[in-house]
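Engineer: Below are the sequence and a predicted model; questions follow.
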Amino acid sequence: MSSIVVSELEYAPPGVDSLFFDVGFGVSPGEHAALVGANGVGKSTILRILSGELQADEGEFALGGTVLRMTQDVGMSRPTDTLRDMLIEVAPAALRDAGRAMVIAERAMYDGSDDGMKFAEAITHWGDMGGYELEAQWAAAARRSVKSEVEDFHTRLVSELSGGERKRLVLDLLLTSNADILLLDEPDNYLDIPTRLWLEEQIKACKSTILMVSHDRTLLERVATKIIVIEGSGAWVHGGSYATFPEARSKRQELLGDAVKRWNDEERRLFQHMKIMKQRAAQNFKNATKANGAETRWEKFVAAGPPPPPVPDQNIYVNLRGADSARRVVQMIDVSVNDLFLPFSDEVHFGERVGLIGPNGTGKSHLLGALAGTIDHFDGTIGFGPRTSIGTFTQINDRPDFRGRECFEIVRDRVFEDEKSMKALARYGLATNARQEFSTLSGGQKARMEILCLELEGHNVLLLDEPTDNLDIESSEALEKALDGFQGTVLAVSHDRTFLARLDRFVMINDDGAVFSLPDYELAMAALSAPADVATLRLAKSLT
């Protein structure tokens with residue numbers, strides 16, 4: 001049976017308190033379940049435990065059948081790896097071991113430390129385990145997922161593929177593998193919207209039992225049949241789609257609050273009754289038995305303990321104030337970057353929220369870099385109006401001025417007072433990370449730190465490159481709410497459809513380099529889902 005059963009799971013990273021405990025849930029065969037919760041609560045850690053990479057401190061789990069896992073950073077951490085190296089790591093356990101042994105033996109043969117006998121044995125074992133059949137699956141997945149032809153998996157480097165191509169190649173392989181169970185960590189990261197639409201259809205059609213971590217609210221609404229919530233150091237399950245989850249959580253919080261109140265009321269009632277009976281026993285010994293019984297009932301009730309209280313919300317508070325500027329914030333005339341797209345012209349006015357959209361690799365981030373001044377070599381003219389102050393958010397949260405520094409230091413540079421620095425960190429849920437180096441934060445925590453610094457710096461033009469990619473859902477919603485009230489201008493590259501729905505207009509760059517202006521979200525989504533549809537694109541104003 002391809003089910004997942006988890007009971008009383010507990011894990012504590014070295015040197016810290018428990019990350020979570022008493023985590024229990026079940027996923028039935030064929031279900032597509034999503035793990036959700038705040039950044040840092042242990043969602044990815046749970047997948048690592050279930051895959052055997054980490055050992056739990058307490059608890060048990062059982063997975064029925066073959067299990068394949070995709071990590072959040074698959075193909076990203078070691079760009080010098082080959083495609084063969086990357087794909088071996090997502091193979092079934094026995095084939096993965098055989099593949100690793102084959103690669104090691106091959107390298108030993110080439111560097112002269114072995115005469116080739118071990119490689120001959122390893123490659124024979126690889127074939128006996130089904131390695132050649134797996135390589136045929138790699139080739140089929142590559143034909144569907146990689147724009148350029150892959151002739152040799154053991155020489156083609158991972159770095160030669162875009163992040164989206166790497167992710168899609170692995171997802172295509174896993175979702176068509178017929179594995180009993182798939183563990184997918186952030187499968188939507190690095191994917192453009194057309195590929196996310198493809199991913200939704202693939203997941204819905206997949207017969208495997210799936211447990212995934214994702215912060216893409218649209219994806220969760222469309223594919224998750226069960227929501228497993230990690231919060232309050234434990235877990236609870238919403239047996240429906242994400243579309244009904246916020247209402248279910250609100251109702252649960254309300255019921256938990258009512259249950260705690262009822263418990264407190266009952267504890268006070270039993271305690272008062274015990275006191276009255278003891279007073280009566282002091283006046284008449286015949287009441288001693290009743291007094292003892294009342295005391296026993298009260299003690300048993302207290303010993304059983306109260307029900308769990310409502311889980312405190314994160315209460316992330318983003319306050320992007322902004323400031324006034326000239327009406328014309330930026331003017332672009334015949335702009336192109338590295339021939340990635342055709343020259344185009346456009347103006348962005350004060351208060352606009354403009355989304356830069358299109359398939360991966362079309363130059364959206366390069367255009368944002370040209371606007372930010374981090375890319376010097378571009379064609380055309382970019383000019384900003386008076387009284388503009390530009391703040392940037394980087395997709396990979398890599399800020400040279402943050403390296404080797406603690407969060408408290410970074411914030412204090414901007415507010416100049418210890419108390420205000422701690423209050424600012426607390427508003428972003430980072431108070432406990434004050435003395436932690438930026439490089440050791442989780443992806444979501446790094447994103448929050450970068451947004452906090454944008455707030456404290458007080459810019460009125462924000463250039464945001466995938467701002468919600470690593471944020472948990474509550475943090476994304478807090479950012480979106482803040483941008484609604486922001487007195488300034490926003491240009492954002494994003495593949496988060498819930499985020500994009502709140503923007504005013506869009507500039508789309510196609511694979512062929514054409515640039516189009518799209519006046520609203522619905523037309524933008526229609527153009528992305530069918531970029532070659534000339535009738536759709538004729539509804540837009542071409543900027544080329």
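Structural biologist: Noted; the coordinates are in hand. Because the structure is predicted, anything quoted here is derived from the model rather than measured.

Engineer: now the helices: where do they sit in the stretch 301-450 of the chain?
Structural biologist: For the stretch 301-450 of the chain, the helices identified by DSSP state H, counting those that start in this stretch occupy 364-372, 407-415, 418-427, 443-457, in order along the chain.

Engineer: Extract the C-alpha trace of the first one and format it as CSV.
Structural biologist: These are the backbone C-alpha positions of helix 364-372, laid out as CSV (Å, rounded to 0.1, in the frame of the first residue of the first chain):
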residue,chain,number,x,y,z
LYS,A,364,13.2,39.7,-17.0
SER,A,365,15.7,39.7,-14.2
HIS,A,366,18.3,41.2,-16.5
LEU,A,367,15.9,44.1,-17.2
LEU,A,368,15.3,44.6,-13.5
GLY,A,369,19.1,44.6,-13.1
ALA,A,370,19.5,47.3,-15.7
LEU,A,371,16.9,49.4,-13.9
ALA,A,372,18.7,48.8,-10.6
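
Engineer: for that helix, what is the average pLDDT?
Structural biologist: Mean pLDDT, taken over the full extent of helix 364-372, equals 92.

Engineer: follow-up on the earlier one: can you tell which of the helices of the stretch 301-450 of the chain is closest to Cys206?
Structural biologist: For these, the distance to Cys206 is smallest for helix 443-457, at 26.0 Å, taking Cβ to Cβ. (Glycine included, C-beta is placed from N, CA and C.)

Engineer: low-scoring pLDDT stretches of the stretch 351-500 of the chain, where are they?
Structural biologist: Segments of the stretch 351-500 of the chain classed as low confidence (criterion: pLDDT under 70) are 396-398.

Engineer: ditto for the chain
Structural biologist: Across the chain, the stretches falling below the confidence threshold (pLDDT under 70) are 1, 15-16, 77, 312-317, 324, 396-398, 531-544.

Engineer: Need the single longest helix in it, by residues.
Structural biologist: In the chain, with assignment by DSSP state H, the single longest helix is helix 245-283.

Engineer: residues of that helix that come out buried?
Structural biologist: Under the neighbour-count criterion of 16 or more other Cβ atoms under 10 Å, helix 245-283 has 245, 248-249, 256, 263, 270, 273-274, 277-278, 280-281 buried.

Engineer: With stretch 157-175 instead?
Structural biologist: With burial defined by 16+ other Cβ under 10 Å, the residues of stretch 157-175 counted as buried are 158, 161-175.

Engineer: Over to stretch 404-418?
Structural biologist: Residues of stretch 404-418 classed as buried by neighbour count (16+ other Cβ under 10 Å): 406-408, 410-412.

Engineer: Out of these, which is nearest to Pro92?
Structural biologist: Cys407 (40.9 Å).

Engineer: so how far is Gln436 from that closest one?
Structural biologist: In this structure, Cys407 and Gln436 are separated by 6 Å, where distance is defined by Cβ to Cβ, to the nearest Å.

Engineer: With Ala62 instead?
Structural biologist: To Gln436, Ala62 is 35 Å away according to Cβ to Cβ.

Engineer: to the chain's geometric centre, what's the distance from stretch 412-423?
Structural biologist: Taking Cα atoms, centre = their mean, to the nearest Å, one finds stretch 412-423 lying 29 Å from the centre of the chain it belongs to.

Engineer: Touching that stretch from outside, list them.
Structural biologist: Residues from elsewhere that reach stretch 412-423, judged by Cβ atoms under 8 Å, 6 or more residues apart in numbering: 408, 411, 424, 431, 434, 453, 456-457.

Engineer: biggest separation within the residues you listed, which pair?
Structural biologist: The two members of these with the most space between them (Cβ to Cβ) are Ala431 and Glu457, at 20.3 Å.

Engineer: who's more crowded, those two?
Structural biologist: A side-by-side neighbour count of Ala431 and Glu457, using other Cβ atoms under 10 Å, places Ala431 first with 14 against 11.

Engineer: Check the burial of the closest residue to that one other than its chain neighbours by counting its neighbours.
Structural biologist: Distances taken as Cβ to Cβ, 6 or more residues apart in numbering put Leu425 closest to Ala431, at 5.0 Å, once the chain neighbours are dropped. Here the count is done by other Cβ under 10 Å, and Leu425 has 22 residues near it.

Engineer: show me what contacts Leu425?
Structural biologist: Taking Cβ under 8 Å, 6+ apart as the contact definition, Leu425 lies against 407-408, 411, 431, 433-434, 452.

Engineer: Throw these into JSON lines and include distance to Ser529, thanks.
Structural biologist: Supplementary listing: the contacts of Leu425 in JSON lines, determined by distance: Cβ to Cβ, whole Å:
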{"residue": "Cys407", "distance to Ser529": "40"}
{"residue": "Phe408", "distance to Ser529": "45"}
{"residue": "Val411", "distance to Ser529": "41"}
{"residue": "Ala431", "distance to Ser529": "42"}
{"residue": "Asn433", "distance to Ser529": "39"}
{"residue": "Ala434", "distance to Ser529": "44"}
{"residue": "Leu452", "distance to Ser529": "35"}
